[in-house]
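*Asks:* how does the following fold in three dimensions:
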Amino acid sequence: MSIVQFLKSKSFFIQVAIAIVGLLAFIFFLKFWLGVSTNHDQKIQVPNLHKMTLDEVEQKLKELNLDFKVIDSASFNPDYPKKSVIEQTPEEGDFVKEKRKIYLTLNPSKYRDVTIPDLNGKTKRQAMSHLRSIGFNIGTNPTFVRDIGKDVVRGLRYKGEILTHGDKLPLNSIVDLVLGDGKGN
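*Replies:* Got it, this is the predicted structure:
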């Protein structure tokens, strides 16, 4: 029997029909099995976790059969309580399946510490610019000491205490300048 006669034969068409029916049955079975095994119709709406502590988050997510993982601590934000959630992924309102992990970013307990630079001998303008660039605020009442240089930095103070090069203060601290008055020798 030649190939052309085989392709026109009844047994060839029966084998093709069996293959097509078998393939369709396999596809329908696979679709049904995936729908059942992956909980296709199940969805849980992610709650808003912002400003919650870890204990509150754990309790809330346990009720919804969800998990969480802390991935980072961000820069301190004074608008949020210490050690509370600042960001979450997936976002609030998104739909997820049970036992899905919600990734959280927490608010640290305080601003990070910044090292005090050596500004002795710099001008007031240079010192203010440098201090602002590293995250400090400048006080409005500088202290003047007897010195030949007018508005030359002779020290720094924080809450009345004299600071030295290498000391550390929290970011956004208010630092007061100690400046020369220009009337010294």
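*Asks:* can I assume residue 177 sits in a helix?
*Replies:* No. When DSSP: H, G, I helix; E, B strand; the rest coil is applied, residue 177 is found to be strand, with no helix at that position.
*Asks:* what number of residues lie near it?
*Replies:* A count of neighbours around residue 177, defined by other C-beta atoms under 10 Å, yields 21. Glycine gets a C-beta too; all of them are placed from N, C-alpha and C.
*Asks:* so it sits right up against residue 140, yeah?
*Replies:* No. Using C-beta atoms under 8 Å, residue 177 is not in contact with residue 140; the gap is 10.2 Å.
*Asks:* how about the helices of the protein, start to end?
*Replies:* Remark: helices assigned in the chain by DSSP state H are 3-8, 10-37, 54-63, 124-133.
*Asks:* show me the beta-bridge partners of the most centrally placed residue in the chain.
*Replies:* Nearest to the mean C-alpha position of the chain, by C-alpha atoms, centre = their mean, lies residue 105 at 4.6 Å. Note on residue 105: beta-bridge partners residue 72, residue 87, judged by DSSP bridges.
*Asks:* go on, residue 181?
*Replies:* residue 150.
*Asks:* mind listing what it touches?
*Replies:* Contacts for residue 181 (C-beta atoms under 8 Å, 6 or more residues apart in numbering) come out as 144-147, 150.
*Asks:* can you redo those as JSON lines with distance to residue 27, neighbour count and pLDDT?
*Replies:* Shown next, in JSON lines, are those (distance: C-beta to C-beta, whole Å; neighbours: other C-beta atoms under 10 Å; pLDDT from 0 to 100):
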{"residue": "144", "distance to residue 27": "86", "neighbour count": "15", "pLDDT": "92"}
{"residue": "145", "distance to residue 27": "87", "neighbour count": "11", "pLDDT": "92"}
{"residue": "146", "distance to residue 27": "92", "neighbour count": "11", "pLDDT": "91"}
{"residue": "147", "distance to residue 27": "88", "neighbour count": "18", "pLDDT": "90"}
{"residue": "150", "distance to residue 27": "87", "neighbour count": "14", "pLDDT": "90"}
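*Asks:* narrow those to those in strands?
*Replies:* 144-145, 150 (DSSP state E).
*Asks:* for the residues you listed, which one is nearest residue 166?
*Replies:* Proximity of the ones in strands among the contacts of residue 181 to residue 166 (C-beta to C-beta) peaks at residue 145, which lies at 21.3 Å.
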